[in-house]
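Undergrad: Would you be able to build a 3D model of this:
(3 chains)
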Amino acid sequence: MSEPTIASQVEVRHVEAIVGESPSAEAPQQKPDKADKPRSLWSDAWYDLRRRPLFIVASALIALVLLMVLVPQLFTSADPYYADLARSKQLPSANAWFGYDVQGHDMFSRTIYASRASVIVGLLATLFTVLVGGAAGMISGFYGGLLDAVMSRIADVFFGLPFILGGIIILTTFRSDSPTLAEAMLVLVGTIAMLSWPVAMRITRSAAITVKQQDYVKAARALGASDGRIIVRHMLPNCLAPMMVYATIALGAFIGAEATLSYLGIGLPPGTISWGVMINDAKDYIRVAPHMLIFPAAFLTTTVLAFVMLGDVVRQALDPKLR
Amino acid sequence: MTTTNEGQGPLLEVRDLHVEFHTRDGIARVLNGVSFSVDVGETLAVLGESGSGKSVTAQTIMGILDMPPGKITKGEIFFRGKDMLKMSEEERRGIRASGIAMIFQDALSALNPVFTVGFQIAEQLRLRRGMNKKDALKRAVELLDLVKIPNAAGRVKQYPHEFSGGMRQRAMIAMSLALDPEVLIADEPTTALDVTVQAQIMDLLAELRRERNMGMILITHDLGVVADVADRIAVMYAGRIVEHADVFSLYRQPCHPYTAALLESMPRLDLKGQELATIKGLPPNLLRPPSGCPFHPRCRMAVDQCVAEVPQLITLGMDRLSRCFRAEEMITNG
Amino acid sequence: MAEPILQVKDLVKHFPVTQGIVVQRTIGQVKAVDGVSFDLMHGETLGVVGESGCGKSTLAQVLMCLTPPTAGQAFYRGQDIFKLRGSALRRIRRQIQIVLQDPYTSLNPRMTVGDIIGEPFEIHTEVAPKGDRRRRVQELLEVVGLSPEHINRYPHQFSGGQRQRIGIARALALKPEIIICDEPVSALDVSIQAQVMNLLGDLQRELDLSYMFIAHDLSVVRHLSDRVAVMYLGKIAEIGTEDQIYEHPTHPYTQALLSAVPVPDPTLRGRREVIRLIGDVPSPIDPPSGCRFRTRCWKAQDICAETEPPLLAPVSDDVFLDSHPSACHFAEERPHVVV
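TA: Model prediction:
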């Protein structure tokens, strides 16, 4: 067995032994003023995050997207719904930075306004996925036994469905022919959550199983703490880190999923503005008016990428072993 | 310098080794000038608590220190008169393969779970000695037999998880002996083991050292184990050797207050109703070490000089060194 | 030290070994604790020693009602604690508390020290009125030798020894009568270990506590215990006063265990009589028949494989002989086990 294998075994241990333990522990003796401040693991992670350039880039991009969602008027004064066929498919110019689409809509304005539907769908889908999957995983991991076995098998069934195929089947079955925007969004969010919760459940479940075996859970039981108390006070805060990482990355993925399903014509209805719908609109004119595809696609990719990057740096910051 | 006279001088010599760790909160000086040597057939114990730098010393010698965050800022490590830190990577790997071997506290994680024990021992022999598969496996059986694993021929085909804790440690010792090292570094080899098994493993190590005339560096926190096997002891505190002596003198008459306090704070099986002395306070924070002698905040003999100056190693006699201003007083006062 | 405060009778804990994913099949039993009886007297420290796998930690968990026993009883002041449910069980929990081994995993990293030590009061609201709790937590911090100003810090801001003190403060919060210490110092450095051991000793005297002190380190157990039980593979091999066990052991396992402990005195090198046991502890799934120690025992005879030796004091004609229970057919003192 060569040295590298052995070396990798030792590294984590000694770095923790030397660096992890002594500084924080003994700091009070020498520098009472600074160390007296309580330093939770979250604030440690935050301290760590602020020093990562990737985090700053990702969160700046996300902040920009959120600003577009909340106050699109800040970026453009053009009405995204105003169409003038005379300027159909015009290329980008000083007047219209992103050009015009087939109907003669201002592409820049539309791309900005489209962020709203995409991000809302992404946020809601993430919320439902994390709530349903998180609760299922927590219960499954905490109680174990038959309950866990049954719930895990149910999750496996949903997990086994290919995402696009499952999405097409559910949406074509449950979507009415001419849905309102709210209806369409709800069905879309529901579909995404239904197909994704097993992933959230697996992550929470494995975190819960690890935490459950920790001595502090044992100590709480020995004190007579109820199951509810153990879950809320001890399990949940310690399972939150992997959930947050998953949620961040999932948010990006779900924005992409909305676009995919809308492109296939089964997501949001054609009248609405979303990146997916815009890409769908562009599909017949890619050769003559490539700008119709490029701009919404670029915004979509950048947003997804920003969330994935954020998830990645958050994971690194929360995992002390990678420090 | 003795860099050239090969074959003379000690087998392994560490001179003025400095190692730093670069962390988020600053630079931790983990080793601050560690020097010692080990000769053929002798056992040096490096004794210290967690954070004293004893394991970092071993890892630096083995070249398995993570860099970064670790960084060797100064020092030399001579193996048979040649400075390993100045060698090419190739040369160094050669020495680490067959000159110096190391065994670890946790045998389970040091053995690869997906290969059989026999395969792991044989692999080294094939790579380093160019043996063919059959011969290497035959040698692996011999090695397992050497470390007194019963039914060695059957055991080579088993995986690490099929071994009990004591057997796994034996298997790791067998693996470390495969290339006939001249120096064996044992990093807390028995800490994870039960006391009856610990006794077996320590006996085995002592016997192997005698038979093969190896130099051994035993890294441990256990004053009991040390007393049974070591020839010389180096006591480490905050990245420095604070006392160095032969084993008999050290236990009879410690010359550093830290060693003395350690001996007094250890509960002993053979003493009834013993009052346990304690060392007040906590080990130092290596990011912000105390001024002067790093032990002074916890020392019951500290004087003003200890706060102001870092004590140097003073020679007190044959092979006796202490890093304390009041070492001579400790001897005269008994 | 008159009346027993905790009486354990024939305690058995087997863990099933199962196979299968949905339908689980039991393929064996880990006999972690297999018929253990002892009394814990008021105000005393009962040491429990043994090597890994002897069942000492399982014993602690069963007595804390963290896992139900397979069989047996444990009486706290005459009440069988395993039969209690609901509020009666909660009341008992106030009387029996535990200090766990690993100071790094026994404290919730997301809670402040104040929340950790205050949690017992939140669960047992009747113990301290809400406004009083913070003051009580600060008092407890002081009792275990930490600064009350540390109340808002998080566990990772403390060293191992300090964390163990926090764990002790949490166990003391409800003013229990019995504290089960499960290897409380084995994860600590020698210099810190002595501090924590002295603290446990002081607390016992001040607060009139009874300890069950579980450890693998015989020297630590000797230092703190009044009486000692030696466990091997789920059973008590020998039980007696500290003096009886350490100076006059009669069970071969105790003798071997004691002789294997290294003594920090190089002048004794080669002069101590050391009994070297062969092999490792057998698996508790399939323990040897008869006496469980017979596979490693130098005294083993045919009878050891056939009949299990009862835990009894050897009958002796010598009325002055201070005998104590030892589960061996050939229980006999060896001269000078410890030099």
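Undergrad: so B:Ala186 sits in a helix?
TA: No: assigned with DSSP: H, G, I helix; E, B strand; the rest coil, B:Ala186 falls outside any helix and is strand.
Undergrad: Could you report the neighbour count for the residue in the stretch 201-334 of chain B that chain C sits nearest to?
TA: Using Cβ to the nearest Cβ, B:Gly224 is the residue of the stretch 201-334 of chain B that sits closest to chain C, at 3.3 Å. Backbone N, C-alpha and C define where each C-beta goes, glycine included. Burial measure for B:Gly224: 19 neighbouring residues, criterion other Cβ atoms under 10 Å in any protein chain shown.
Undergrad: Which residue, other than its chain neighbours, is closest to it?
TA: In this structure, B:Gly224 finds its nearest non-sequential neighbour in C:Pro262, 3.3 Å apart by Cβ to Cβ, 6 or more residues apart in numbering or on different chains.
Undergrad: can you pull the pLDDT of the residue of the stretch 201-334 of chain B closest to chain C?
TA: B:Gly224 is assigned a predicted lDDT (pLDDT) of 85.
Undergrad: Kindly provide the distance from it to A:Leu64.
TA: To A:Leu64, B:Gly224 is 64 Å away according to Cβ to Cβ, to the nearest Å.
Undergrad: tell me the contacts of the closest residue in space to A:Val277 that isn't next to it in sequence?
TA: In this structure, A:Val277 finds its nearest non-sequential neighbour in A:Ser262, 4.9 Å apart by Cβ to Cβ, 6+ apart. Contacts were defined as Cβ atoms under 8 Å, 6 or more residues apart in numbering or on different chains; by that measure A:Ser262 touches A:Leu268, A:Ser274, A:Trp275, A:Gly276, A:Val277, A:Ile279, A:Asn280.
Undergrad: I'd assumed A:Thr260 was in contact with the fourth one.
TA: Right, A:Gly276. Yes: the pair A:Gly276 / A:Thr260 is scored as a contact, 6.7 Å apart, by Cβ atoms under 8 Å.
Undergrad: Overlap of the contact sets of the two?
TA: With contacts taken as Cβ under 8 Å, 6+ apart, the residues that reach both A:Gly276 and A:Thr260 are A:Gly267.
Undergrad: out of those two, which sits in the busier spot?
TA: Higher neighbour count among A:Gly276 and A:Thr260: A:Gly276, with 28 against 17, using other Cβ under 10 Å.
Undergrad: Nearest residue to the more buried one in space, please, no chain neighbours.
TA: Spatial nearest neighbour of A:Gly276, chain neighbours left out: A:Ser262 (2.8 Å); criterion: Cβ to Cβ, 6+ apart.
Undergrad: what separates that neighbour from A:Ser109, distance-wise?
TA: Separation of A:Ser262 from A:Ser109 (Cβ to Cβ) stands at 19 Å.
Undergrad: and stretch C:106-114, anywhere near chain A?
TA: Yes: shown here: stretch C:106-114 in contact with chain A (Cβ under 8 Å from any Cβ of the partner chain) through C:Ser106, C:Leu107, C:Asn108, C:Pro109, C:Arg110, C:Met111, C:Thr112.
Undergrad: Quick check: the residue of the stretch 51-200 of chain A at minimum distance from chain B vs A:Pro80, distance?
TA: Here the stretch 51-200 of chain A gets closest to chain B at one residue, A:Arg51, 8.0 Å apart by Cβ to the nearest Cβ. Per Cβ to Cβ, A:Arg51 is found 39 Å from A:Pro80.
Undergrad: Looking at those two now, which is surrounded by more residues?
TA: Comparing A:Arg51 with A:Pro80 by other Cβ under 10 Å, the one with more neighbours is A:Pro80, at 18 against 10.
Undergrad: isn't that one right up against A:Gly104?
TA: No: with contact defined as Cβ under 8 Å, A:Pro80 does not count as touching A:Gly104 (11.9 Å).
Undergrad: nearest to A:Gln316, of the residues of stretch C:106-114 next to chain A?
TA: Distance to A:Gln316 across the residues of stretch C:106-114 next to chain A (Cβ to Cβ) is lowest for C:Pro109, with 17.8 Å.
Undergrad: For the helix or strand in which B:Arg96 is found, which residues meet the burial criterion?
TA: Assigned by DSSP states H and E, B:Arg96 belongs to helix B:89-98. Residues B:Arg92, B:Ile95, B:Arg96, B:Ala97, B:Ser98 are the ones in helix B:89-98 that count as buried (16 or more other Cβ atoms under 10 Å in any protein chain shown).
Undergrad: and chain A, which of these contact it?
TA: For chain A, the contacts drawn from the buried residues of helix B:89-98 by Cβ under 8 Å from any Cβ are B:Arg96.
Undergrad: Just put the buried residues of helix B:89-98 in JSON lines and tack on distance to C:Ala88 and pLDDT.
TA: Output for the buried residues of helix B:89-98, formatted as JSON lines (distance: Cβ to Cβ, whole Å; pLDDT from 0 to 100):
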{"residue": "B:Arg92", "distance to C:Ala88": "68", "pLDDT": "82"}
{"residue": "B:Ile95", "distance to C:Ala88": "68", "pLDDT": "81"}
{"residue": "B:Arg96", "distance to C:Ala88": "63", "pLDDT": "78"}
{"residue": "B:Ala97", "distance to C:Ala88": "65", "pLDDT": "73"}
{"residue": "B:Ser98", "distance to C:Ala88": "67", "pLDDT": "77"}
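Undergrad: Closest to chain A out of the buried residues of helix B:89-98?
TA: For those, the minimum distance to chain A (Cβ to the nearest Cβ) is 6.2 Å, reached by B:Arg96.
Undergrad: Is that closest one in contact with B:Thr60, as I believe?
TA: No: between B:Arg96 and B:Thr60 there is no contact under Cβ under 8 Å: 11.9 Å.
Undergrad: can I assume C:Ser159 is in contact with B:Leu282?
TA: Yes: the criterion here is Cβ under 8 Å, and C:Ser159 meets it with B:Leu282 at 5.3 Å.
Undergrad: any chance you could map the helices in chain B?
TA: B:54-62, B:89-98, B:107-110, B:117-129, B:133-146, B:152-155, B:165-177, B:195-212, B:223-229, B:247-252, B:257-265, B:304-308, B:327-333 (DSSP state H).
Undergrad: what's the average pLDDT for the third one?
TA: In this model, helix B:107-110 carries a mean pLDDT of 76.
Undergrad: Identify the residues contacting it?
TA: Contacts of helix B:107-110 (Cβ under 8 Å, 6+ apart): A:Ile6, A:Gln9, B:Ile103, B:Phe104, B:Pro160, B:His161, B:Gly165, B:Arg168, B:Gln169, B:Ala171, B:Met172, B:Ala192.
Undergrad: Over to the first one?
TA: Residues lying outside helix B:54-62 but in contact with it, judged by Cβ under 8 Å, 6+ apart, are A:3, A:10, A:14, A:17-18, B:12, B:14, B:17, B:19, B:30-31, B:34, B:46-48, B:65, B:70, B:72, B:77, B:84, B:96, B:100, B:102, B:185, B:187-188, B:217, B:219, B:221, B:236.
Undergrad: now with 7 Å?
TA: The contact list for helix B:54-62 (Cβ atoms under 7 Å, 6 or more residues apart in numbering or on different chains) reads A:10, A:14, A:18, B:14, B:17, B:19, B:30-31, B:34, B:46, B:48, B:65, B:72, B:77, B:96, B:100, B:102, B:185, B:187, B:217, B:219, B:236.
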